[in-house]
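K.L.:
Got a predicted model here, sequence first, then my questions.
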There are 2 protein chains.
Amino acid sequence: MSKSFWHKYQQRFAKLGSHVCIGLDSQLDKLPDSVQKAQNPIWEFNRAIIDATADFATAFKPNLAFYLADGIRGMEALYLSISHIPNDIPVILDCKVGDIGSTMSGYVRAFFQDMKVDAITVNPLMGRDVISPVLAEEGSFAFALALTSNPGARDFFHDGRMKEMVPQWLAQYDESRLGAVVGATQVNDLKDMRLRMPGRLFLVPGVGAQGGDLKAVLNFASDTPEAPRILINSSRGIIFASPEKDFAQTAAKCAKELFEACKL
Amino acid sequence: MSKSFWHKYQQRFAKLGSHVCIGLDSQLDKLPDSVQKAQNPIWEFNRAIIDATADFATAFKPNLAFYLADGIRGMEALYLSISHIPNDIPVILDCKVGDIGSTMSGYVRAFFQDMKVDAITVNPLMGRDVISPVLAEEGSFAFALALTSNPGARDFFHDGRMKEMVPQWLAQYDESRLGAVVGATQVNDLKDMRLRMPGRLFLVPGVGAQGGDLKAVLNFASDTPEAPRILINSSRGIIFASPEKDFAQTAAKCAKELFEACKL
């Protein structure tokens, strides 16, 4: 990793002026028939998707679960895909790890040194000891789960007041090293989270297949127009937009639409 | 997976009458010189450790981070190691995943169907949606993080009252499907957690290399003597007890000591 995530992200945003993160949730049994017979279907699929959509991507976000689910072949697809992403586009590994000590250092080594991603997502439940091994890696970046939009978020984020506590806790960390994952289906929540975390980079899932109103998201969650500090993730809405042979062209079309809609 | 974790665990406990979980935290750069030149050092190491210690293990617990950190070779070592563990000893994958929907189902598929482990550890922060994909897998079992003993546990478990909330939340789930990870260095906390969660199987890390007083742990955290419902994990204290060629024999000696000490 030659440059920090923060530098790469800012350069990429300056070039594109948009906020699209393309989620590579490449679930094997959802891939088009046309790639299913390839030696490594996920890699075959991702290569086509990356080539077709890179121009519209401020970042790519592969999701570890779907690669692990295809065993060793899936992990090979993950390595190949990360290497194939153009070097000026930041790669965020969605893994939501949240361990401590030598275990967390093991994850950091795996993801930043071996896979060479630029950022990861982390689960902050175990506290500051989750973050320190990440910060020990030069140029690294992590997005901490600050609020999610699934029904079960009621259990601890809302009823457990984690929604108030995590943003306050994140304030101790530099914005150039730590961002926040903020769920998008409740727009008032987003507005509230932005007030609690001005200046911090938000990774917002939940747009597209998971619902969510893009315009409202952009209005409420953006920081200043000059530095909006927001990445809008769309996964299935782009990569699985067509199950036919034209899947990559259709993905490009959908990525371009979101790209245009995300220009403030 | 032919039998449920719960059945396998109960059979194994009935046979051994002890509580030792051996943590396969097989960090590459800590392995003895004698295995470093093997084609797959972690697998070479684990095979010897498993063969030497299986008689004393009520369960084995490989830790995903250390396998990911050795790339594709590390993942191969993980698969080989899980296959090598005798079929009557439950395997708990320590991965602390905590996602939702198709992502969580991807992890469940990877770990239970592909790797064929018997149980996993999970991070409950995202709420009930983390648990439902696990329960959808027949015979599966998960240990949810209920309290950890690292300094950063203060941030959310203590100050954030997650320590009170998680045990209460766990009560909605059957004890034969869901257990709790409970940190061991603060014995009063353990006593408190047992009062909050009678009958639930505890996985207790923090014994051995991480400190913790074994006798106090057993007294405070055990349920009834007939059904103690506790697994005492030791990782580095067993597997890295000797850095020399005798590493496996030394591990067996340490595992046996803990095995005897854990007989109530």
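P.N.:
Yep, it's here.
K.L.:
ok, A:Asp51 touching A:Phe247?
P.N.:
No. Counting by C-beta atoms under 8 Å, A:Asp51 sits too far from A:Phe247 to count as a contact (12.0 Å). For every residue, glycine as well, the C-beta is placed using N, CA and C.
K.L.:
neighbour count winner among these two?
P.N.:
Ranked by neighbour count (other C-beta atoms under 10 Å in any protein chain shown), A:Asp51 and A:Phe247 place A:Phe247 first, with 22 against 13.
K.L.:
Run a quick neighbour tally on the closest residue to that one other than its chain neighbours.
P.N.:
Spatially, and ignoring its direct neighbours in sequence, A:Phe247 is nearest to A:Pro32 (4.7 Å; C-beta to C-beta, 6 or more residues apart in numbering or on different chains). Using other C-beta under 10 Å, A:Pro32 is surrounded by 19 other residues.
K.L.:
residues touching A:Pro32, list them.
P.N.:
A:45, A:242-245, A:247 (C-beta atoms under 8 Å, 6 or more residues apart in numbering or on different chains).
K.L.:
Kindly report the same for A:Thr58.
P.N.:
Each residue near A:Thr58 by C-beta under 8 Å, 6+ apart is listed here: A:9, A:12-13, A:16, A:18-21, A:89-90, A:231.
K.L.:
With A:Pro243 instead?
P.N.:
Here A:Pro243 is in contact with A:30, A:32-33 (C-beta under 8 Å, 6+ apart).
K.L.:
if we go to 7 Å?
P.N.:
Residues near A:Pro243 by C-beta atoms under 7 Å, 6 or more residues apart in numbering or on different chains: A:Pro32.
K.L.:
repeat for A:Ala57
P.N.:
Listed by C-beta under 7 Å, 6+ apart, the contact partners of A:Ala57 are A:20, A:22, A:89, A:255.
K.L.:
Compare the residues you listed and tell me which has the most neighbours.
P.N.:
Among these, the one with the most neighbours (other C-beta under 10 Å) is A:Ile22, at 29 neighbours.
K.L.:
can you pull the pLDDT of that one?
P.N.:
Here the pLDDT value assigned to A:Ile22 is 98.
K.L.:
I'd like the distance between the nearest residue to it once chain neighbours are set aside and chain B.
P.N.:
Distances taken as C-beta to C-beta, 6+ apart place A:Ala57 nearest to A:Ile22, at 4.8 Å, with adjacent residues excluded. Counting by C-beta to the nearest C-beta, to the nearest Å, the gap between A:Ala57 and chain B amounts to 20 Å.
K.L.:
try A:Ala52
P.N.:
Distance of A:Ala52 to chain B, computed by C-beta to the nearest C-beta: 22 Å.
K.L.:
Can you report phi and psi for that residue?
P.N.:
phi -80, psi -30 (degrees, to the nearest 10).
K.L.:
how many neighbours does it have?
P.N.:
Count around A:Ala52 with other C-beta under 10 Å applied: 20.
K.L.:
Relative to chain B, how far out is the residue of chain A most remote from its centre?
P.N.:
No residue in chain A sits farther from the centre than A:Lys37, which is 28.5 Å out by C-alpha atoms, centre = their mean. Applying C-beta to the nearest C-beta, the value for A:Lys37 to chain B is 20 Å.
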